[in-house]
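**Q** This is a predicted model, with the sequence first.
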Amino acid sequence: ALKSVWASRWNARAFYSCRRAGMTLEAVQMAVLVQRLVEAEYAFVIHTVNPSTNDASEMYAEIVVGLGESLVGNYPGRALGFSCKKDGSAPPQVLSLPSKSDSLHGAGLIFRSDSNAEDLPGFAGAGLFDSVPCVKNEVRTVVYSEQRLMMDPGVAEEIMRGVCKVATDVEAAMGGVPQDIEGCVKGGKFYVVQTRPQV
């Protein structure tokens, strides 16, 4: 798993993204993080400043069923996308409905990259290098008509407002600096997997 993450610095995504940013692959300095996987029901990525509008009072997030690798690893399809006023003055606004046909599920350890190329100018960095779980993730077909996130408006709002609270809490903990946050939900609890300054 460790060697696979290191080797991913030479994948096509990394090569073309670094080249576009004027960075050689030889200049990439990479560490590998080893983390325990949370067996997530849902995973999310948050931008604490809406990148479409640059509105600092509004966050934008995407949610997928299962592990976040299907979101940050460039798997086909869309996530549930929404925006929310950080002060909670308005209900979350759904901006895109999900279309990812598969979700990933698993437990154990995951090896992930951390490098000076994760936040290239003009590139969010999600999925630039590979994340490698120590156990093979189970792939499940997503049946959205059976997902409470899609079929129960109360559950959907509770999860979206919870993600918005994560956004405001993490941004405040980081001194008010806008953040790009990855996290997940399991059993009604919200977990932050990583955060870094939003580019």
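**A** Great, that's in hand.

**Q** quick one: the helices in this protein?
**A** Under the criterion DSSP state H, helices of the chain are mapped to 2-7, 12-20, 69-72, 148-151, 153-173.

**Q** CSV for those, including mean pLDDT and mean neighbour count?
**A** Every residue, glycine included, has its C-beta placed from N, CA and C. Shown next, in CSV, are these (pLDDT from 0 to 100; neighbours: other C-beta atoms under 10 Å):
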stretch, mean pLDDT, mean neighbour count
helix 2-7, 91, 14
helix 12-20, 84, 14
helix 69-72, 86, 24
helix 148-151, 94, 15
helix 153-173, 97, 17
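
**Q** Compare the ones you listed and give me the one nearest V32.
**A** Closest approach to V32 among those (C-beta to C-beta): helix 2-7, 4.9 Å.

**Q** May I have the beta-bridge partners of the closest residue in space to P98 that isn't next to it in sequence?
**A** Ranked by C-beta to C-beta, 6 or more residues apart in numbering and with sequence neighbours excluded, the top spatial neighbour of P98 is L80, at 4.5 Å. On DSSP bridges, the residues paired with L80 through beta bridges are I63.

**Q** and L80, how many neighbours?
**A** Here the number of neighbours of L80 (other C-beta atoms under 10 Å) works out to 25.

**Q** returning to that earlier point: just put the helices of the chain in JSON lines and tack on distance to S103.
**A** Shown next, in JSON lines, are the helices of the chain (distance: least, C-beta to C-beta, whole Å):
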{"stretch": "helix 2-7", "distance to S103": "22"}
{"stretch": "helix 12-20", "distance to S103": "22"}
{"stretch": "helix 69-72", "distance to S103": "6"}
{"stretch": "helix 148-151", "distance to S103": "11"}
{"stretch": "helix 153-173", "distance to S103": "15"}
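
**Q** can you tell which of those is closest to R112?
**A** Closest to R112 of those, according to C-beta to C-beta: helix 2-7, at 6.9 Å.

**Q** Packing partners of the closest one?
**A** strand 30-36, strand 109-115 (3 or more C-beta pairs under 8 Å, 6 or more residues apart in numbering; DSSP states H and E).

**Q** just how off-centre is it within its chain?
**A** Centroid displacement of helix 2-7 relative to its chain, using C-alpha atoms, centre = their mean, to the nearest Å, is 21 Å.
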